[in-house]
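> sharing a sequence plus its predicted fold:
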Amino acid sequence: GESVGLHLPTLSVQEGDNSIINCAYSNSASDYFIWYKQESGKGPQFIIDIRSNMDKRQGQRVTVLLNKTVKHLSLQIAATQPGDSAVYFCAENNAGNMLTFGGGTRLMVKP
Amino acid sequence: DTEVTQTPKHLVMGMTNKKSLKCEQHMGHRAMYWYKQKAKKPPELMFVYSYEKLSINESVPSRFSPECPNSSLLNLHLHALQPEDSALYLCASSQEAGGLAKNIQYFGAGTRLSVL
């Protein structure tokens, strides 16, 4: 079936370094993708989104890259801070506006 | 901060109890959602309400009963739950549901449910 998945379950980075979180998707018809951040004890928080007619979108310290050829999505966080420690989910938004979440990657920031 | 409010934050119930989870949003959103999230897993969609009508039920057992009293409120009534139903229950809302329009879902902090 169709699925959205992540390559790495845990990513540990040094404070100040850049982080890259990857996600693979299999539904080539998907036209919209979202990254969510979930901190302990909280619900998922919207970070950034991208439509399939784009290959890059930048926010504040975050960049999402979309490679439709290989069905790959990545989230880049610049100058990672302790407050970035969380679980990050990519999600695929289909025509029914149903979110299909990837498995999640835990980002741990070392001081 | 999230503008989707869920109560209670924590709930412990026995298998014979009846309880309700509540969700409220004042963003004028017309679509509301219930998700279930087990530890170290992504959220799984349970129900979608669009314009106060149930539009999607992801084959959820009948011991979970959703209700949308008005466009700002969403309830999840619980009855005769099993220990495996213990999870974080998340509510979300978005401007609309359906179609290809960009529709960010905003989540509440969730209710941590334990079934004994």
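Perfect, I can see it now.

> which residues of chain A lie near chain B?
For chain A, the residues in contact with chain B (C-beta under 8 Å from any C-beta of the partner chain) are A:31-32, A:34, A:36, A:41-46, A:49, A:51, A:89, A:93, A:95-99, A:101-104. For every residue, glycine as well, the C-beta is placed using N, CA and C.

> for B:S50, which residues are in contact?
Each residue near B:S50 by C-beta atoms under 8 Å, 6 or more residues apart in numbering or on different chains is listed here: B:30-31, B:96-98.

> and the residues you listed, which of them are buried?
B:31, B:97 (16 or more other C-beta atoms under 10 Å in any protein chain shown).

> nearest to A:S26, of the contacts of B:S50?
Distance to A:S26 across the contacts of B:S50 (C-beta to C-beta) is lowest for B:G98, with 22.4 Å.

> quick check: pLDDT value at the closest one.
If you check B:G98, the pLDDT there is 65.

> likewise A:G5?
53.

> returning to that earlier point: among the contacts of B:S50, which are in strands?
B:A31 (DSSP state E).

> distance to chain A added to the contacts of B:S50, as TSV?
As requested, the contacts of B:S50 are exported to TSV (distance: C-beta to the nearest C-beta, whole Å):
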residue	distance to chain A
B:R30	11
B:A31	7
B:E96	7
B:A97	5
B:G98	5
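
> of all the contacts of B:S50, which two lie farthest apart?
B:R30 and B:G98 (10.3 Å).

> compute the first-to-last residue distance for stretch B:106-116.
Terminal residues of stretch B:106-116 lie 30 Å apart, using C-alpha to C-alpha, to the nearest Å.

> next, the buried residues of that stretch.
B:106-113, B:115.

> and the residues you listed, which is closest to chain A?
The closest of these to chain A turns out to be B:F107 (C-beta to the nearest C-beta; 3.5 Å).

> now the closest one, nearest residue through space, not along the chain?
Leaving aside its sequence neighbours, B:F107 sits nearest to A:G43 (C-beta to C-beta, 6 or more residues apart in numbering or on different chains; 3.5 Å).

> now do the contacts for the one you found.
B:2, B:4, B:6, B:90, B:92, B:107-110.

> nearest to A:V64, of these?
B:F107 (18.8 Å).

> quick one: pLDDT of the closest one?
Listed pLDDT for B:F107 reads 96.

> with A:E92 instead?
Reading off the model, A:E92 has pLDDT 89.

> please report how far it lies from B:N17.
36 Å (C-beta to C-beta, to the nearest Å).

> those two: who's more crowded?
Legend: neighbour count by other C-beta atoms under 10 Å in any protein chain shown for A:E92 and B:N17, higher for A:E92 (23 against 14).

> give me the element the more buried one is part of.
A:E92 belongs to strand A:86-93 when assigned by DSSP states H and E.

> and B:A39, by the same measure?
Counting by DSSP H and E, B:A39 is part of no helix or strand.

> what does the pLDDT read for it?
For B:A39, pLDDT reads 89.
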